[in-house]
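what shape does this take:
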Amino acid sequence: MLLYIHGFNSSPQSDKATETAQYIQHRFPNLPFIQPQLPSSPKEAMALLCGIVERAKVQGEPLTYIGSSLGGYFASYLAETYGGKAVLVNPAVKPFELFDEFLGPQHNPYTDEHYQVLPQHKFDVAEFNTEVIYRPDRFLVFLQTGDEVLDYRQALSKYHCCELHLEPNGDHSFIGYKNQLDKICEFLQLS
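Reported below is the predicted structural model:
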């Protein structure tokens with residue numbers, strides 16, 4: 001199973017998500033590929049993700065993840081908790097430190113959902129922090145230094161022992177992402 005996890009205020013309709021879905025459909029049409037729309041509540045989002053992973057694990061499916069931004073934060077937790085390999089794209093490292101900026105009304109442009117980021121969400125998302133990466137061989141991390149949303153140096157520090165792909169410039173969306181899909185699938189050992 002390949003689980004694609006989108007970021008904050010994103011969806012399976014984002015560019016990276018649709019590029020990934022098209023690539024997987026073309027190259028690995030028999031691979032179970034799951035790309036859920038995450039609830040805006042961090043606890044509900046993680047409950048959904050854990051449920052998907054637990055069902056796949058019971059069925060004996062290999063676990064693989066691609067996580068972007070906040071989805072990378074969630075993917076780290078899943079890979080460390082349940083096993084499997086994860087590719088992280090400009091991952092959030094300490095999103096709970098940024099939540100104060102987003103308190104109040106939010107709008108997801110992909111889903112047109114209007115919702116509230118509550119103070120409790122900061123503490124909820126902190127519960128899924130993986131302060132130490134115990135299995136660095138499970139991670140491939142893509143970073144661009146021009147990320148305007150997250151400080152790439154935090155991810156560089158946290159994932160320094162993992163396989164890293166660091167590019168100058170770029171942005172939070174990771175410019176040229178689709179050109180990395182061959183490398184991503186090779187790392188995840190998809191078949």
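
what does the longest helix seen in the chain rub up against?
For the chain, the helix that runs over the most residues, judged by DSSP state H, is helix 42-58. With CB atoms under 8 Å, 6 or more residues apart in numbering as the test, helix 42-58 has contacts from 1, 3, 5, 32, 34, 36, 38-39, 63, 74, 77-78, 82-84, 121, 124-125, 127-128. In short, each C-beta sits where N, CA and C put it, glycine included.

following element in sequence after it, please.
Next helix or strand after helix 42-58 toward the C-terminus (DSSP states H and E): strand 64-68.

what is the mean pLDDT for stretch 146-157?
The average pLDDT within stretch 146-157 is 97.

now the helices: where do they sit in this protein?
Going by DSSP H, the chain shows helices at 15-27, 42-58, 70-82, 99-102, 119-126, 152-158, 181-188.

now Pro39: closest residue in space that isn't a chain neighbour?
Leaving aside its sequence neighbours, Pro39 sits nearest to Ala45 (CB to CB, 6 or more residues apart in numbering; 5.2 Å).

look at the one you found and report its pLDDT.
Reported pLDDT at Ala45 in the predicted model: 98.

count of residues packed around it?
23 (other CB atoms under 10 Å).

what does Asn108 give?
16.

likewise for the one 3 residues further on?
Applying the criterion other CB under 10 Å, we find 16 residues in the vicinity of Thr111.
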